[in-house]
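> okay, sequence plus prediction incoming.
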Amino acid sequence: MRFIPTLFAYYATSVAAIGIALVVNNTPSPIYVWSVGGSIGARNDIRPGGGIYWERMHRDERSGGIAIKVTKTPDGLYSGAPQQIFAYNLEGEQVWYDLSSVFGEPFVGYEVKVEMDAGESIVWPNGTNPGGSRVKSASNEGNLFLFINPRS
């Protein structure tokens with residue numbers, strides 16, 4: 001069962017058209033998130049145990065897609081630390097989404113899962129890429145979630 005705070009549930013259902021992208025930190029430690037397109041957004045510190053980062057999905061005019069980069073260290077985007085990349089690209093009435101990593105896999109031992117309201121999930125059950133490309137697409141009216149969960 002997915003927990004969405006009341007504010008987000010209201011926002012997601014009261015705004016027509018394009019959905020929101022959320023990162024949910026269910027780990028016992030803080031994580032750090034940047035939204036990257038043609039430029040790098042500010043760092044967002046996400047508290048442990050259910051902390052959330054969210055943004056309304058949008059198209060970057062310079063790069064097209066958005067990469068939400070997640071690290072376990074506050075300077076991870078600039079220090080070469082392992083990065084989890086939760087990417088999406090709006091194209092017409094579709095959103096294309098993917099999960100990848102660079103410089104290593106920061107959440108080894110955790111379940112890393114992307115869920116889309118109206119689309120297929122991408123699951124890395126052990127925090128590592130199980131192999132192959134898993135690019136998915138769905139209607140851009142749905143909400144897109146990245147969950148970082150302790151393994152059951």
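Yep, it's here.
> start to end distance for stretch 62-74?
26 Å (Cα to Cα, to the nearest Å).
> no no, stretch 90-108
With Cα to Cα as the measure, stretch 90-108 spans 29 Å from end to end.
> ok, stretch 19-37 next?
18 Å.
> flag the shaky bits of this protein, pLDDT-wise.
1-17 (pLDDT under 70).
> in terms of helices and strands, where is Leu77?
helix 76-79 (DSSP states H and E).
> can I get the CA coordinates of that helix in CSV?
C-alpha atoms of helix 76-79 as CSV (Å, rounded to 0.1, in the frame of the first residue of the first chain):
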residue,chain,number,x,y,z
GLY,A,76,27.2,13.7,-3.8
LEU,A,77,26.3,15.4,-7.1
TYR,A,78,29.7,17.1,-7.2
SER,A,79,32.0,14.6,-5.4
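> in it, what counts as buried?
Residues of helix 76-79 classed as buried: Gly76, Leu77 (neighbour count, 16 or more other Cβ atoms under 10 Å). To be clear about C-beta, it is placed using only N, CA and C from the backbone, and glycine gets the same treatment.
> before we move on, what about stretch 55-68?
Glu55, Met57, Arg59, Asp60, Gly65, Ile66, Ala67, Ile68.
> got the buried residues for stretch 141-152?
Buried, per 16+ other Cβ under 10 Å, within stretch 141-152: Glu141, Gly142, Asn143, Leu144, Phe145, Leu146, Phe147, Ile148, Asn149.
> please flag which of those sit within strands.
Leu144, Phe145, Leu146, Phe147, Ile148, Asn149 (DSSP state E).
> quick one: contacts for the second one?
Listed by Cβ atoms under 8 Å, 6 or more residues apart in numbering, the contact set of Phe145 reads Arg2, Ala21, Leu22, Val23, Val24, Val114, Glu115, Met116.
> ok, of those residues, which come out buried?
Ala21, Leu22, Val23, Val24, Val114, Glu115, Met116.
> which elements pack onto the helix holding Leu77?
strand 31-36 (3 or more Cβ pairs under 8 Å, 6 or more residues apart in numbering; DSSP states H and E).
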